[in-house]
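Novice: predicted model and sequence follow; I will ask about them next.
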Amino acid sequence: MIEIVALSDAMREAVSLAERVAATDANVLITGESGCGKDALSIFIHSRSARAAQPFVKIDCATLPADLLEAELFGYERGAFTGATEAKPGRLEAAHRGTLVLDEIAHLSTDAQAKLLRVIENREFERLGGRRTIQVDARLIALTNVDLRDAVDRRAFRDDLFYRLNVVQIAVPGLRDRREDLETLSGRFVESYAEKHGRPAKRLSGEAKRILFAYDFPGNVRELANIIERAVIVSHGGAVDLEGLPESVRFAVAQRRRKDRRPTMAEVEQDYLREILAATRGNKSEAAKILGISRKNLYERLAREKSEVRDQGSEIGGQETEVSEREKSPVIDANTSDL
(Lines give C-alpha, C1' and ligand atoms only; values in the text may rest on other atoms or scores of the structure.)
Protein backbone atom coordinates (compact mmCIF):
# COMPACT_ATOMS: atom_id res chain seq x y z
CA MET A 1 0.00 0.00 0.00
CA ILE A 2 1.14 3.55 -0.71
CA GLU A 3 0.44 6.07 2.02
CA ILE A 4 0.71 9.69 1.10
CA VAL A 5 1.31 11.60 4.30
CA ALA A 6 -0.50 14.91 4.03
CA LEU A 7 -0.55 16.63 7.41
CA SER A 8 0.94 19.87 6.04
CA ASP A 9 -1.23 22.40 4.21
CA ALA A 10 1.07 22.35 1.17
CA MET A 11 0.84 18.57 0.78
CA ARG A 12 -2.89 18.50 1.49
CA GLU A 13 -3.41 20.95 -1.36
CA ALA A 14 -1.35 18.80 -3.78
CA VAL A 15 -3.17 15.59 -2.81
CA SER A 16 -6.58 17.26 -2.98
CA LEU A 17 -5.89 18.47 -6.52
CA ALA A 18 -4.57 15.01 -7.48
CA GLU A 19 -7.79 13.39 -6.21
CA ARG A 20 -9.93 15.74 -8.26
CA VAL A 21 -7.97 15.32 -11.49
CA ALA A 22 -7.70 11.52 -11.07
CA ALA A 23 -11.37 11.10 -11.94
CA THR A 24 -10.83 12.80 -15.31
CA ASP A 25 -8.74 11.92 -18.37
CA ALA A 26 -6.88 15.22 -18.37
CA ASN A 27 -3.13 15.31 -18.93
CA VAL A 28 -1.23 16.24 -15.78
CA LEU A 29 2.09 18.03 -15.24
CA ILE A 30 3.64 17.27 -11.84
CA THR A 31 6.45 19.62 -10.84
CA GLY A 32 8.83 19.61 -7.91
CA GLU A 33 12.42 19.13 -6.82
CA SER A 34 14.18 15.79 -7.21
CA GLY A 35 13.17 13.30 -4.54
CA CYS A 36 10.04 15.14 -3.38
CA GLY A 37 7.57 12.39 -4.37
CA LYS A 38 6.41 13.12 -7.92
CA ASP A 39 6.51 9.41 -8.81
CA ALA A 40 4.34 8.47 -5.86
CA LEU A 41 1.78 11.14 -6.73
CA SER A 42 1.57 9.85 -10.32
CA ILE A 43 0.87 6.35 -8.97
CA PHE A 44 -1.77 7.85 -6.67
CA ILE A 45 -3.52 9.53 -9.61
CA HIS A 46 -3.50 6.32 -11.67
CA SER A 47 -4.80 4.24 -8.75
CA ARG A 48 -7.73 6.63 -8.23
CA SER A 49 -8.64 6.82 -11.93
CA ALA A 50 -10.97 4.76 -14.13
CA ARG A 51 -7.79 3.33 -15.68
CA ALA A 52 -6.55 1.83 -12.40
CA ALA A 53 -6.93 -1.77 -13.63
CA GLN A 54 -5.03 -1.00 -16.85
CA PRO A 55 -1.24 -0.71 -17.38
CA PHE A 56 0.83 1.89 -15.55
CA VAL A 57 3.92 2.49 -17.68
CA LYS A 58 6.82 4.83 -16.96
CA ILE A 59 9.77 6.00 -19.05
CA ASP A 60 12.69 8.04 -17.69
CA CYS A 61 13.56 10.61 -20.34
CA ALA A 62 16.77 11.69 -18.55
CA THR A 63 18.56 8.33 -18.53
CA LEU A 64 18.31 7.36 -22.20
CA PRO A 65 20.13 8.85 -25.24
CA ALA A 66 17.81 10.70 -27.63
CA ASP A 67 17.71 7.96 -30.30
CA LEU A 68 17.15 5.17 -27.80
CA LEU A 69 14.52 7.22 -25.99
CA GLU A 70 12.46 7.59 -29.18
CA ALA A 71 12.77 3.88 -29.89
CA GLU A 72 11.65 3.04 -26.34
CA LEU A 73 8.76 5.47 -26.44
CA PHE A 74 7.38 4.84 -29.95
CA GLY A 75 8.76 1.37 -30.67
CA TYR A 76 10.41 0.35 -33.93
CA GLU A 77 10.13 -2.00 -36.90
CA ARG A 78 12.70 -4.51 -37.99
CA GLY A 79 15.56 -2.80 -39.82
CA ALA A 80 14.66 0.68 -38.54
CA PHE A 81 18.28 1.12 -37.42
CA THR A 82 21.44 -0.92 -36.97
CA GLY A 83 20.75 -3.68 -34.49
CA ALA A 84 16.96 -3.65 -34.94
CA THR A 85 16.71 -7.33 -35.89
CA GLU A 86 13.05 -7.58 -34.96
CA ALA A 87 10.09 -5.28 -34.40
CA LYS A 88 9.44 -4.06 -30.88
CA PRO A 89 6.42 -2.14 -29.51
CA GLY A 90 7.18 0.96 -27.46
CA ARG A 91 5.99 2.22 -24.09
CA LEU A 92 3.09 4.08 -25.71
CA GLU A 93 1.61 0.83 -27.00
CA ALA A 94 2.26 -0.84 -23.65
CA ALA A 95 0.28 1.93 -21.93
CA HIS A 96 -2.80 1.56 -24.19
CA ARG A 97 -5.96 2.19 -22.14
CA GLY A 98 -3.76 2.89 -19.11
CA THR A 99 -1.39 5.64 -17.95
CA LEU A 100 2.00 6.67 -19.38
CA VAL A 101 4.32 8.61 -17.09
CA LEU A 102 7.07 10.65 -18.76
CA ASP A 103 9.68 11.32 -16.08
CA GLU A 104 11.94 14.36 -16.58
CA ILE A 105 10.13 15.29 -19.78
CA ALA A 106 12.35 18.33 -20.30
CA HIS A 107 15.01 15.92 -21.64
CA LEU A 108 12.90 14.94 -24.68
CA SER A 109 14.56 15.84 -27.98
CA THR A 110 12.78 18.35 -30.23
CA ASP A 111 11.93 15.55 -32.70
CA ALA A 112 10.40 13.42 -29.94
CA GLN A 113 8.48 16.45 -28.67
CA ALA A 114 6.89 16.94 -32.10
CA LYS A 115 5.90 13.27 -32.27
CA LEU A 116 4.50 13.34 -28.74
CA LEU A 117 2.43 16.42 -29.60
CA ARG A 118 0.85 14.47 -32.47
CA VAL A 119 0.04 11.61 -30.07
CA ILE A 120 -1.72 14.02 -27.72
CA GLU A 121 -3.66 15.75 -30.49
CA ASN A 122 -4.57 12.79 -32.72
CA ARG A 123 -4.01 9.75 -30.48
CA GLU A 124 -1.89 8.12 -33.16
CA PHE A 125 1.73 7.53 -34.17
CA GLU A 126 4.02 5.27 -36.20
CA ARG A 127 6.87 3.14 -34.91
CA LEU A 128 10.37 4.14 -36.00
CA GLY A 129 10.89 2.81 -39.51
CA GLY A 130 7.21 1.95 -39.81
CA ARG A 131 4.37 3.09 -42.05
CA ARG A 132 1.40 1.64 -40.19
CA THR A 133 -0.45 4.20 -38.09
CA ILE A 134 -1.15 2.94 -34.57
CA GLN A 135 -4.07 4.24 -32.53
CA VAL A 136 -3.42 4.69 -28.81
CA ASP A 137 -5.55 5.68 -25.83
CA ALA A 138 -3.30 6.51 -22.89
CA ARG A 139 -3.45 9.16 -20.24
CA LEU A 140 -0.22 11.19 -20.02
CA ILE A 141 1.37 12.33 -16.78
CA ALA A 142 4.58 14.35 -17.18
CA LEU A 143 7.07 14.86 -14.34
CA THR A 144 9.76 17.52 -14.20
CA ASN A 145 12.14 19.13 -11.72
CA VAL A 146 12.90 22.09 -14.00
CA ASP A 147 10.91 25.18 -14.91
CA LEU A 148 9.31 24.25 -18.24
CA ARG A 149 8.13 27.84 -18.81
CA ASP A 150 11.76 28.91 -18.70
CA ALA A 151 12.64 26.06 -21.09
CA VAL A 152 9.93 27.33 -23.44
CA ASP A 153 11.37 30.86 -23.26
CA ARG A 154 14.80 29.43 -24.11
CA ARG A 155 13.25 27.48 -26.99
CA ALA A 156 14.47 24.25 -25.42
CA PHE A 157 10.89 22.99 -25.10
CA ARG A 158 7.97 23.41 -27.51
CA ASP A 159 5.36 25.86 -26.27
CA ASP A 160 2.48 23.98 -27.92
CA LEU A 161 3.52 20.74 -26.19
CA PHE A 162 3.86 22.56 -22.88
CA TYR A 163 0.30 23.88 -23.09
CA ARG A 164 -1.03 20.44 -24.05
CA LEU A 165 0.68 18.83 -21.06
CA ASN A 166 -0.06 21.64 -18.64
CA VAL A 167 -3.83 21.09 -18.52
CA VAL A 168 -3.54 20.57 -14.76
CA GLN A 169 -0.29 21.33 -12.95
CA ILE A 170 0.39 19.94 -9.49
CA ALA A 171 3.34 21.32 -7.53
CA VAL A 172 4.75 18.87 -4.99
CA PRO A 173 6.40 20.77 -2.11
CA GLY A 174 9.93 20.05 -0.93
CA LEU A 175 10.26 18.31 2.42
CA ARG A 176 11.49 21.50 4.11
CA ASP A 177 8.12 23.07 3.21
CA ARG A 178 6.09 20.25 4.78
CA ARG A 179 7.69 19.92 8.22
CA GLU A 180 4.42 18.71 9.71
CA ASP A 181 4.80 15.50 7.67
CA LEU A 182 8.34 14.76 8.82
CA GLU A 183 7.62 12.85 12.03
CA THR A 184 5.00 10.58 10.46
CA LEU A 185 7.16 9.93 7.39
CA SER A 186 10.16 9.13 9.58
CA GLY A 187 8.16 6.69 11.69
CA ARG A 188 6.83 4.92 8.61
CA PHE A 189 10.32 4.58 7.15
CA VAL A 190 11.73 3.20 10.41
CA GLU A 191 9.01 0.53 10.53
CA SER A 192 9.38 -0.32 6.83
CA TYR A 193 13.17 -0.66 6.81
CA ALA A 194 13.30 -2.49 10.14
CA GLU A 195 10.96 -5.09 8.67
CA LYS A 196 12.85 -5.20 5.36
CA HIS A 197 16.27 -5.75 6.96
CA GLY A 198 15.19 -7.66 10.06
CA ARG A 199 16.52 -5.01 12.45
CA PRO A 200 15.26 -4.31 16.00
CA ALA A 201 14.81 -0.53 15.61
CA LYS A 202 11.19 0.55 16.12
CA ARG A 203 11.49 4.31 16.55
CA LEU A 204 13.80 7.32 16.52
CA SER A 205 15.35 8.39 19.81
CA GLY A 206 14.61 11.90 21.04
CA GLU A 207 18.18 12.97 20.26
CA ALA A 208 18.01 11.61 16.72
CA LYS A 209 14.66 13.33 16.14
CA ARG A 210 15.96 16.71 17.23
CA ILE A 211 18.87 16.54 14.81
CA LEU A 212 16.83 15.06 11.96
CA PHE A 213 13.98 17.56 12.30
CA ALA A 214 16.43 20.48 12.24
CA TYR A 215 17.95 19.30 8.95
CA ASP A 216 16.97 20.90 5.60
CA PHE A 217 16.83 17.74 3.41
CA PRO A 218 18.08 19.08 0.06
CA GLY A 219 17.32 15.60 -1.33
CA ASN A 220 13.77 15.70 0.07
CA VAL A 221 11.81 12.51 0.88
CA ARG A 222 14.26 10.32 -1.04
CA GLU A 223 17.12 11.59 1.15
CA LEU A 224 15.06 11.07 4.32
CA ALA A 225 14.36 7.47 3.30
CA ASN A 226 18.06 6.87 2.56
CA ILE A 227 19.18 8.37 5.88
CA ILE A 228 16.70 6.31 7.88
CA GLU A 229 17.44 3.07 6.04
CA ARG A 230 21.12 3.47 6.86
CA ALA A 231 20.35 4.40 10.47
CA VAL A 232 18.06 1.40 10.95
CA ILE A 233 20.75 -0.94 9.57
CA VAL A 234 23.60 0.34 11.78
CA SER A 235 21.60 0.82 14.99
CA HIS A 236 21.71 -1.92 17.64
CA GLY A 237 18.78 -1.35 20.00
CA GLY A 238 15.09 -0.67 19.69
CA ALA A 239 15.62 3.01 18.88
CA VAL A 240 17.66 4.73 16.18
CA ASP A 241 20.08 6.90 18.13
CA LEU A 242 22.17 9.91 17.18
CA GLU A 243 25.16 7.76 16.21
CA GLY A 244 23.04 6.11 13.54
CA LEU A 245 22.62 9.38 11.62
CA PRO A 246 25.24 10.27 9.00
CA GLU A 247 27.97 12.59 10.21
CA SER A 248 27.18 14.92 7.30
CA VAL A 249 23.66 15.47 8.65
CA ARG A 250 24.86 16.16 12.18
CA PHE A 251 27.53 18.52 10.89
CA ALA A 252 25.04 20.39 8.64
CA VAL A 253 22.72 20.97 11.59
CA ALA A 254 25.59 22.18 13.79
CA GLN A 255 26.69 24.54 11.01
CA ARG A 256 23.17 25.87 10.60
CA ARG A 257 22.97 26.73 14.29
CA ARG A 258 26.05 28.89 14.19
CA LYS A 259 25.67 30.50 10.74
CA ASP A 260 24.13 33.68 12.21
CA ARG A 261 27.00 34.36 14.60
CA ARG A 262 30.75 34.78 14.28
CA PRO A 263 32.55 31.41 14.55
CA THR A 264 34.86 30.66 17.43
CA MET A 265 38.51 29.79 16.86
CA ALA A 266 37.67 26.12 17.54
CA GLU A 267 34.95 26.19 14.89
CA VAL A 268 37.27 27.78 12.30
CA GLU A 269 39.79 25.06 13.13
CA GLN A 270 37.16 22.35 12.67
CA ASP A 271 36.08 23.75 9.30
CA TYR A 272 39.68 23.84 8.07
CA LEU A 273 40.28 20.30 9.32
CA ARG A 274 37.24 19.08 7.36
CA GLU A 275 38.40 20.95 4.25
CA ILE A 276 41.80 19.23 4.37
CA LEU A 277 40.21 15.80 4.95
CA ALA A 278 37.97 16.36 1.94
CA ALA A 279 40.97 17.43 -0.17
CA THR A 280 42.88 14.26 0.84
CA ARG A 281 39.77 12.10 0.32
CA GLY A 282 39.83 10.98 3.93
CA ASN A 283 43.53 10.04 4.01
CA LYS A 284 44.31 10.92 7.62
CA SER A 285 48.08 10.44 7.36
CA GLU A 286 48.29 12.87 4.45
CA ALA A 287 45.89 15.30 6.17
CA ALA A 288 48.03 15.25 9.36
CA LYS A 289 51.14 16.12 7.31
CA ILE A 290 49.39 19.07 5.64
CA LEU A 291 48.08 20.31 8.99
CA GLY A 292 51.50 19.94 10.60
CA ILE A 293 50.26 17.73 13.43
CA SER A 294 50.71 14.10 14.38
CA ARG A 295 48.23 11.48 13.28
CA LYS A 296 47.38 10.85 16.93
CA ASN A 297 46.62 14.55 17.41
CA LEU A 298 44.38 14.47 14.33
CA TYR A 299 42.39 11.54 15.72
CA GLU A 300 42.01 13.35 19.05
CA ARG A 301 40.67 16.45 17.29
CA LEU A 302 38.21 14.35 15.26
CA ALA A 303 36.99 12.59 18.40
CA ARG A 304 36.55 15.94 20.16
CA GLU A 305 34.59 17.35 17.21
CA LYS A 306 32.34 14.27 17.16
CA SER A 307 31.62 14.74 20.86
CA GLU A 308 30.80 18.43 20.36
CA VAL A 309 28.37 17.67 17.52
CA ARG A 310 26.64 15.13 19.77
CA ASP A 311 26.35 17.70 22.57
CA GLN A 312 24.90 20.26 20.16
CA GLY A 313 22.41 17.70 18.93
CA SER A 314 20.92 17.31 22.38
CA GLU A 315 20.18 21.05 22.44
CA ILE A 316 18.57 21.35 19.00
CA GLY A 317 14.87 21.50 18.48
CA GLY A 318 13.66 21.82 22.08
CA GLN A 319 10.95 19.38 22.91
CA GLU A 320 10.05 16.53 20.55
CA THR A 321 7.25 17.16 18.06
CA GLU A 322 4.06 15.25 18.74
CA VAL A 323 1.36 14.57 16.16
CA SER A 324 -2.10 14.80 17.65
CA GLU A 325 -4.91 12.43 16.74
CA ARG A 326 -6.55 15.29 14.89
CA GLU A 327 -3.44 15.80 12.73
CA LYS A 328 -3.13 12.12 11.93
CA SER A 329 -6.41 11.96 10.03
CA PRO A 330 -5.29 13.24 6.58
CA VAL A 331 -3.23 10.13 5.67
CA ILE A 332 -4.45 8.92 2.29
CA ASP A 333 -4.10 5.32 1.11
CA ALA A 334 -3.29 4.24 -2.46
CA ASN A 335 -0.81 1.52 -3.77
CA THR A 336 3.06 1.35 -3.41
CA SER A 337 5.42 3.35 -1.06
CA ASP A 338 5.56 6.39 1.22
CA LEU A 339 5.53 9.97 -0.08
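Specialist: Structure's in. What do you need? Residues are numbered from 1 along each chain as shown.
Novice: how deep is residue 125 tucked in, by neighbour count?
Specialist: 21 (other Cβ atoms under 10 Å). Where you see a C-beta, it was placed from the backbone N, CA and C, and this is true even at glycine.
Novice: residues in contact with residue 46?
Specialist: 22, 52, 56, 98-99, 139, 141 (Cβ atoms under 8 Å, 6 or more residues apart in numbering).
Novice: next step: those restricted to strands.
Specialist: Taking DSSP state E, the ones among these that sit in strands are 56, 99, 139, 141.
Novice: tell me the centre residue of the chain?
Specialist: residue 35 (1.1 Å; Cα atoms, centre = their mean).
Novice: now for the spatially closest residue to it that is not a sequence neighbour: which residues touch it?
Specialist: Distance criterion Cβ to Cβ, 6 or more residues apart in numbering; nearest residue to residue 35, sequence neighbours excluded, is residue 222 at 3.2 Å. Listed by Cβ under 8 Å, 6+ apart, the contact partners of residue 222 are 34-36.
Novice: can you tell me which of these lies closest to residue 301?
Specialist: Closest to residue 301 out of the contacts of residue 222 is residue 35 (33.9 Å), distances taken as Cβ to Cβ.
Novice: picking up where we left off before, and of the contacts of residue 222, the nearest to residue 130?
Specialist: residue 34 (35.2 Å).
Novice: residue 146 is in contact with that closest one, correct?
Specialist: No - at 10.0 Å, residue 34 does not count as touching residue 146 under the criterion of Cβ atoms under 8 Å.
Novice: now do the strands in this protein.
Specialist: 3-5, 28-31, 56-60, 99-103, 124-125, 134-135, 139-144, 168-171, 203-204, 239-240, 331-333.
Novice: can you pull the pLDDT of the residue nearest to residue 299 when sequence neighbours are not counted?
Specialist: Leaving aside its sequence neighbours, residue 299 sits nearest to residue 284 (Cβ to Cβ, 6+ apart; 7.3 Å). Residue 284 is assigned 90 on the pLDDT scale.
Novice: need the contact list for residue 284.
Specialist: Counted by Cβ under 8 Å, 6+ apart, residue 284 has contacts 277, 295, 298-299.
Novice: of these, buried ones?
Specialist: By neighbour count, with 16 or more other Cβ atoms under 10 Å, these hold 277, 298 as buried.
Novice: how close does the residue nearest to residue 35 get to residue 138?
Specialist: Using Cβ to Cβ, to the nearest Å, residue 222 is found at 27 Å from residue 138.
Novice: circling back to that earlier point, the contacts of residue 46, buried ones only, as a PyMOL selection?
Specialist: Selecting only the buried entries of the contacts of residue 46 in PyMOL, with 16+ other Cβ under 10 Å as the criterion:
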select buried, resi 22+56+98+99+139+141
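Novice: can you redo the contacts of residue 46 as a markdown table with distance to residue 154 and pLDDT?
Specialist: Below are those laid out as a markdown table (distance: Cβ to Cβ, whole Å; pLDDT from 0 to 100):
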| residue | distance to residue 154 | pLDDT |
| --- | --- | --- |
| 22 | 32 | 96 |
| 52 | 37 | 96 |
| 56 | 32 | 97 |
| 98 | 33 | 97 |
| 99 | 29 | 97 |
| 139 | 28 | 96 |
| 141 | 24 | 97 |
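Novice: residue 69: which of the contacts of residue 46 is nearest?
Specialist: residue 141 (17.1 Å).
Novice: right, and that closest one touches residue 100 too?
Specialist: Yes - using Cβ under 8 Å as the test, residue 141 is close enough to residue 100 to be in contact (7.3 Å).
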